[in-house]
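In: please work out how this folds:
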Amino acid sequence: MIKKFRRTWSGSTRWRRAAYCALLALLLGSVLTLLPLATAAAALRLEYTGEPSAQALTRGRDAVWLGHAWVDGRKGEADVTELTRLLAGTGVRDLYVHTGPLEHDGSLPAERYPRARQFVDEVHRLLPRLRVQSWLGDVVRPEKEGLDLDDPTVRGRIAGAAGQVLDLGFDGVHYDLEPVRSDSAGFLDLLDRTRALTSARGVPLSVASPQIDPLPGLHRLSTAAFDHGKWWSQAYFADVAGRVDQIAVMSYDTAMPTESLYGGYVAQQTELALEVTPPQVDLLMGLPAYWDDTFGHRGSAETVAAAVRGARLALGREAPGRQAFGLALYVDFTATPEHWAAYRSGWC
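Out: Below you'll find the model as predicted:
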């Protein structure tokens with residue numbers, strides 16, 4: 001066979017030799033491209049194997065993101081009563097209630113939350129074991145036309161908005177500012193300012209975080225190639241986690257094509273976060289209670305059941321005795337009974 005190939009090669013025309021070279025280059029390039037992808041997929045699939053530990057169940061520190069309708073007047077006391085039924089028997093302790101969005105200068109107009117105080121009072125009366133945290137969010141520069149966290153005046157206004165919502169009776173502040181790029185010094189300074197305020201009032205500071213680099217340095221590649229801050233380095237995640245009382249990883253929109261790969265990815269993210277989150281800080285992993293079919297989110301792959309199982313597998317392997325851990329359901333207005341059932345049966 002080898003001799004025959006050599007005879008064929010020596011007798012080929014120049015264009016045929018060029019075609020052979022191009023074909024070999026294509027095959028080699030395909031192998032070099034697909035091999036790392038196949039290796040990564042196999043590693044994620046392995047993360048999803050095994051049986052979750054019996055210890056890896058709710059610690060009563062779970063959360064749910066709630067939409068703006070709860071504070072702008074679209075929902076009333078009857079809806080809060082229905083919420084009590086929905087949350088009965090779950091491990092939910094915190095409600096992140098969308099009170100913003102912030103203005104791009106960091107301020108928060110009072111007309112955006114006319115029913116906020118009443119909602120907080122109703123939850124305190126009907127669900128006294130729950131904490132109601134004000135969810136403050138906006139898009140962030142330089143990727144979006146939004147908040148400039150490098151501007152100390154903007155940071156001062158955001159901290160002022162945090163004090164504003166605490167004056168309404170909220171039990172904490174939950175920041176969801178996106179996309180904050182890894183190594184943002186301005187964001188760390190904002191957390192320090194806000195932590196001084198929340199600590200003085202005896203309430204938690206919470207933050208929603210991006211995912212952690214699944215491969216070292218991936219956040220730099222994402223920023224350089226796509227101008228998008230998709231991930232944080234593990235070191236920066238640790239810097240943020242050390243400045244808050246609670247950190248909730250937005251472990252969805254991962255572009256994983258299958259449920260097992262997504263579940264393995266959540267397990268990996270949970271392990272990376274557990275490694276660097278202080279033991280006294282609540283670490284929550286996000287659950288995708290919504291349906292979408294885009295490049296970044298496959299509804300058939302990113303399921304609540306897969307996320308719950310992935311988080312349980314990682315918790316059981318890495319820190320089965322850790323109490324400062326929970327799951328956070330995103331988001332109430334898209335969550336179906338099936339989403340809630342998967343959370344309850346898998347975790348509660």
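In: show me what the helix or strand harbouring Val71 is packed up against.
Out: Per DSSP states H and E: Val71 is located in helix 69-72. When contacts are defined as 3 or more C-beta pairs under 8 Å, 6 or more residues apart in numbering; DSSP states H and E, helix 69-72 sits against strand 92-98, helix 116-126. Every C-beta, even on glycine, is put in place using the N, C-alpha and C of the backbone.
In: nearest to Ile158, of these?
Out: strand 92-98 (15.5 Å; C-beta to C-beta).
In: may I have the helix holding Val71 as PDB, with CA atoms only?
Out: Only the C-alpha atoms of helix 69-72 are listed here, as PDB (Å, rounded to 0.1, in the frame of the first residue of the first chain):
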ATOM      1  CA  ALA A  69     -44.500  43.400  38.600                       C
ATOM      2  CA  TRP A  70     -44.300  42.900  42.400                       C
ATOM      3  CA  VAL A  71     -43.300  46.500  43.000                       C
ATOM      4  CA  ASP A  72     -44.800  48.500  40.200                       C
END
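In: after that helix, next one along is what?
Out: Assigned by DSSP H and E, the successor of helix 69-72 is helix 77-87.
In: can you give me the distance of Lys75 to Ile247?
Out: 28 Å (C-beta to C-beta, to the nearest Å).
In: those two - which one has more neighbours?
Out: When neighbours are counted by other C-beta atoms under 10 Å, Lys75 and Ile247 differ, and Ile247 comes out ahead with 22 against 19.
In: buried sites along stretch 312-323?
Out: Arg312, Leu313, Ala314, Leu315, Gly316, Arg317, Glu318, Ala319 (16 or more other C-beta atoms under 10 Å).
In: I figured the last one hits Leu274, correct?
Out: Yes: with contacts defined as C-beta atoms under 8 Å, Ala319 counts as touching Leu274 at a distance of 5.3 Å.
In: shared neighbours, these two?
Out: Here Ala319 and Leu274 share the contacting residues Phe325, scored by C-beta atoms under 8 Å, 6 or more residues apart in numbering.
In: how about the contacts made by Arg45?
Out: So Arg45 contacts Ser260, Leu261, Gly264 (C-beta under 8 Å, 6+ apart).
In: mind running it again at 10 Å?
Out: Shown in contact with Arg45 (C-beta atoms under 10 Å, 6 or more residues apart in numbering): Thr258, Ser260, Leu261, Gly263, Gly264.
In: helix or strand: which one has the last one?
Out: Here Gly264, judged by DSSP H and E, is contained in helix 259-276.
In: which SSE is immediately downstream of that helix?
Out: Helix 259-276 is succeeded, C-terminally, by strand 282-288 (DSSP H and E).
In: quickly run through the sheet partners of that following strand, with directions.
Out: strand 246-249 (parallel), strand 325-330 (parallel) (DSSP bridges).
In: redo the ones you listed as JSON lines? Include mean pLDDT and distance to Leu215.
Out: Formatted as JSON lines, the strands paired with strand 282-288 follow (pLDDT from 0 to 100; distance: least, C-beta to C-beta, whole Å):
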{"stretch": "strand 246-249", "mean pLDDT": "98", "distance to Leu215": "17"}
{"stretch": "strand 325-330", "mean pLDDT": "98", "distance to Leu215": "24"}
